[in-house]
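*Asks:* Okay, structure incoming, though there's no sequence with it:
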């Protein structure tokens, strides 16, 4: 195996491992909660679920720009190798987490954050290393191959996570360890000495601290906005949410003059003077804003509405939702190398713009999709979105990193990854807010009328709805019967006949489907607008320059 292929295999392995980790966790959450003895519908369980999902991308978003800047000084290969080792160690710690209850949950959230530290070091350097060692004519294909591995890892994670969780939830994390050991060993032998950096590590501690604090406050505010507060289904009325967002925005504003005065800034603001870089980065940000929460939202819809409408038991819906969403991952895997190859023929700008436009078309088609759809049509639409993703990601990455010299590529990749992760986390807040707000007026009355019509006394129906309906959606997402969950949480006594009627899979799906329609349509109209805006920015990036 020649040196370039060996380096490419290293990036492929790291990308596969990271994406498999994310999707496997989501599918295994019910087994994890049972394993550590936490009620997922208690306040502790709800917050634990939220942060087990978000701790990893949250940490990456906070640290990846800093990691990229340090990598340019310390060496890209060294930083990537360190990241692989940290990621692997955290996976092992997750699988060996002792104890139960709150202590175990806190440990797991900390270990997920440590995984994010490793992920930040890998993500800020993987694409930069490929750009360093491959000539411009081969960068598109190389990044496309890495894109295949990311899609494959996501697909394998869904299937493996479901299968391993049945045996033992610890295996979901321990399965990552052999891949991590191989990746660390391979990294040390192949990429450790690649792109050695300046050798002069000067840390802008003030800039790093302000950047980390600003992003922490901002992203914490966004995360808490999705949590029910004071009888409201979302947290936007909570004073602390706005205080966190305002604090984060103020620190980001203060960071700009601070970094401009620094001799060795942690956040390279000068990168944004490059039109090819800045337009490519912000088009990617808009696309991640459009699709970051897409799989999560579609999973909830499939598990709470579509699959139960057909009579599927809730405990089977997490695995089948993953299977139903595979056309998107498969299309992305197929079109990622195609997009890479088309770069040499049409240029990165044209291919990335076409990919973003395809995604916008797909989101607009989702917004018009009736809630009782034929699966073949749904599969075609999400495959169209996946194809657009594949066509956009590799060419855009090639264009962004080829616009800057090798000495700043890790910093550039770090800024890119930071904005993409912020887009993803912001996407969760936007999608959940629009769906809940769009359906809020009719969701409660719709469920109430369905309960009364099924024989539930009006006082008991009101008691069931004292728990925010979003809890029922999370129950379905975790593979629990939502109505059985609401009955248990509110200690409602019902006759066996009525209880059996309202816990049939079709009951909750039929009760919420009409109310959810407007919320889903609003969300996907906005996603389409973000994607078309990304296509416009991509087209306006100007004539491309490819720096060796």
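*Replies:* Received the coordinates, thanks. The structure displayed is predicted, hence computed values, not measured ones.

*Asks:* Quick check: residue 430 touching residue 529?
*Replies:* No: taking contacts as Cβ atoms under 8 Å, residue 430 lies outside contact range of residue 529: 11.3 Å. The C-beta positions use only the backbone N, C-alpha and C, and glycine is treated the same way.

*Asks:* In terms of packing, which of those two has more residues around it?
*Replies:* Counting neighbours by other Cβ atoms under 10 Å for residue 430 and for residue 529 shows that residue 430 has the greater number, 21 against 15.

*Asks:* so who does that one touch?
*Replies:* For residue 430, the contact set (Cβ atoms under 8 Å, 6 or more residues apart in numbering) comprises 289, 293, 523, 526.

*Asks:* If you tally nearby residues, what's the number for the last one?
*Replies:* Counted by other Cβ under 10 Å, the residues lying close to residue 526 total 17.

*Asks:* and if you look at the second one?
*Replies:* As a burial measure, residue 293 scores 25 neighbours (other Cβ under 10 Å).

*Asks:* Need the phi and psi values for it.
*Replies:* Here is the backbone geometry of residue 293 (degrees, to the nearest 10): phi -100, psi 10.

*Asks:* Contact partners for it?
*Replies:* 424, 427-428, 430-432.

*Asks:* hmm, try it at 10 Å
*Replies:* Neighbouring residues of residue 293 by Cβ atoms under 10 Å, 6 or more residues apart in numbering: 226, 299-300, 424-432, 435, 523, 527.

*Asks:* ditto for the last one
*Replies:* By Cβ under 10 Å, 6+ apart, residue 526 lies in contact with 289-290, 363, 367, 430-431, 434.

*Asks:* Mind telling me the two of these farthest from one another?
*Replies:* Across the contacts of residue 526, the longest distance by Cβ to Cβ is 15.9 Å; it joins 289 and 367.

*Asks:* thought residue 294 was touching residue 325?
*Replies:* Yes: applying Cβ atoms under 10 Å as the test, residue 294 and residue 325 come out as touching, 9.4 Å apart.

*Asks:* tell me, what's touching those two both at once?
*Replies:* What both residue 294 and residue 325 touch, as defined by Cβ under 10 Å, 6+ apart, is the set residue 382.

*Asks:* What about residue 80, how many residues nearby?
*Replies:* That count, for residue 80 with other Cβ under 10 Å as the rule, works out to 34.

*Asks:* next one: residue 400
*Replies:* Residue 400: 29 neighbours (other Cβ under 10 Å).

*Asks:* Show me which positions of the helix or strand hosting it end up buried.
*Replies:* Using DSSP states H and E, residue 400 sits in helix 375-402. Residues 378-379, 381-402 are the ones in helix 375-402 that count as buried (16 or more other Cβ atoms under 10 Å).

*Asks:* Now the element after it, going C-ward?
*Replies:* helix 409-453.

*Asks:* pLDDT averaged over that next one, what's the number?
*Replies:* Averaged across helix 409-453, pLDDT comes to 82.

*Asks:* what's the following helix or strand past it packed up against?
*Replies:* Scanning forward in sequence from helix 409-453 by DSSP H and E, the next helix or strand is helix 458-464. The contact analysis (3 or more Cβ pairs under 10 Å, 6 or more residues apart in numbering; DSSP states H and E) places helix 458-464 against helix 409-453, helix 482-490, helix 496-502.

*Asks:* which stretches of the protein form strands?
*Replies:* With DSSP state E, there are no strands along the chain.

*Asks:* per the record, what domains does it have?
*Replies:* Domain assignment for the chain by automatic domain parsing gives 1-203, 204-265, 439-518.

*Asks:* Let me know which of these is tucked in deepest.
*Replies:* Highest mean neighbour count among these (mean count of other Cβ atoms under 10 Å): domain 1-203, with a mean of 21.

*Asks:* Neighbours of residue 368, how many?
*Replies:* Other residues close to residue 368 by other Cβ under 10 Å number 11.

*Asks:* For it, which non-adjacent residue is spatially closest?
*Replies:* Sequence neighbours aside, residue 521 is the residue nearest to residue 368 in space, at 7.6 Å (criterion: Cβ to Cβ, 6 or more residues apart in numbering).

*Asks:* my guess is the one you found contacts residue 365, does it?
*Replies:* No: using Cβ under 10 Å, residue 521 is not in contact with residue 365, being 11.5 Å away.

*Asks:* Could you tell me which ranges of this structure sit under the pLDDT cut-off?
*Replies:* Across the chain, the ranges flagged by pLDDT under 70 are 1-2, 195, 197-201, 440, 545-548.

*Asks:* ok, 50 please
*Replies:* For the chain, not a single residue meets the criterion pLDDT under 50.

*Asks:* For the stretch 251-400 of the chain, which segments count as helices?
*Replies:* Listed in chain order, the helices of the stretch 251-400 of the chain (DSSP state H, counting those that start in this stretch) span 275-291, 294-301, 307-309, 317-324, 326-346, 348-367, 375-402.

*Asks:* what residues are up against residue 27?
*Replies:* Going by Cβ under 10 Å, 6+ apart, the list of residues near residue 27 reads 157-165, 172, 299, 318-319, 321-322, 479.

*Asks:* From residue 541, how far off is it?
*Replies:* 37 Å (Cβ to Cβ, to the nearest Å).

*Asks:* same question, residue 479
*Replies:* Counting by Cβ to Cβ, the gap from residue 479 to residue 541 is 44 Å.

*Asks:* ok, residue 533 touching residue 279?
*Replies:* No: in this structure, residue 533 is not within contact of residue 279 by Cβ under 10 Å, at 11.6 Å.

*Asks:* Which of those two has more residues huddled nearby?
*Replies:* residue 279 (24 against 18).

*Asks:* if I look at residue 176, how far off is residue 189?
*Replies:* The spacing between residue 176 and residue 189, counted by Cβ to Cβ, is 20 Å.

*Asks:* Equivalent analysis for residue 116, please.
*Replies:* Relative to residue 189, and taking Cβ to Cβ, residue 116 is found at 25 Å.

*Asks:* before we move on, what about residue 465?
*Replies:* In terms of Cβ to Cβ, residue 465 sits 60 Å off from residue 189.

*Asks:* cool, residue 40 as well?
*Replies:* 43 Å.

*Asks:* Residue 215 too?
*Replies:* Residue 215 is 34 Å from residue 189, where distance means Cβ to Cβ.

*Asks:* what does residue 59 give?
*Replies:* Taken as Cβ to Cβ, the span from residue 59 to residue 189 is 27 Å.

*Asks:* And residue 433, by the same measure?
*Replies:* The spacing between residue 433 and residue 189, counted by Cβ to Cβ, is 47 Å.

*Asks:* just residue 399 next, same as before
*Replies:* 31 Å.

*Asks:* swap in residue 375?
*Replies:* 46 Å.

*Asks:* Would you confirm that residue 477 contacts residue 41?
*Replies:* No: contact between residue 477 and residue 41 fails when scored by Cβ under 10 Å: they sit 11.8 Å apart.

*Asks:* Which neighbours do the two have in common?
*Replies:* Residues touching both residue 477 and residue 41 by Cβ under 10 Å, 6+ apart: residue 49.

*Asks:* In space, what's closest to residue 476 - neighbours in sequence excluded?
*Replies:* Nearest to residue 476 is residue 304, by Cβ to Cβ, 6+ apart, at 3.8 Å.

*Asks:* and what of residue 260?
*Replies:* residue 269 is the one closest to residue 260 (Cβ to Cβ, 6+ apart), at 6.5 Å.

*Asks:* hmm, back to that, counting neighbours, go ahead and name the busier of residue 289 and residue 367.
*Replies:* Each of residue 289 and residue 367 has its neighbours counted (other Cβ under 10 Å); residue 289 has more, 25 against 16.

*Asks:* I'd like the distance between the more buried one and residue 62.
*Replies:* Residue 289 is 18 Å from residue 62, by Cβ to Cβ.

*Asks:* now do residue 137
*Replies:* Distance from residue 137 to residue 62, by Cβ to Cβ: 36 Å.

*Asks:* and if you look at residue 315?
*Replies:* Distance of residue 315 to residue 62, computed by Cβ to Cβ: 36 Å.

*Asks:* Repeat that for residue 5.
*Replies:* Distance from residue 5 to residue 62, by Cβ to Cβ: 34 Å.
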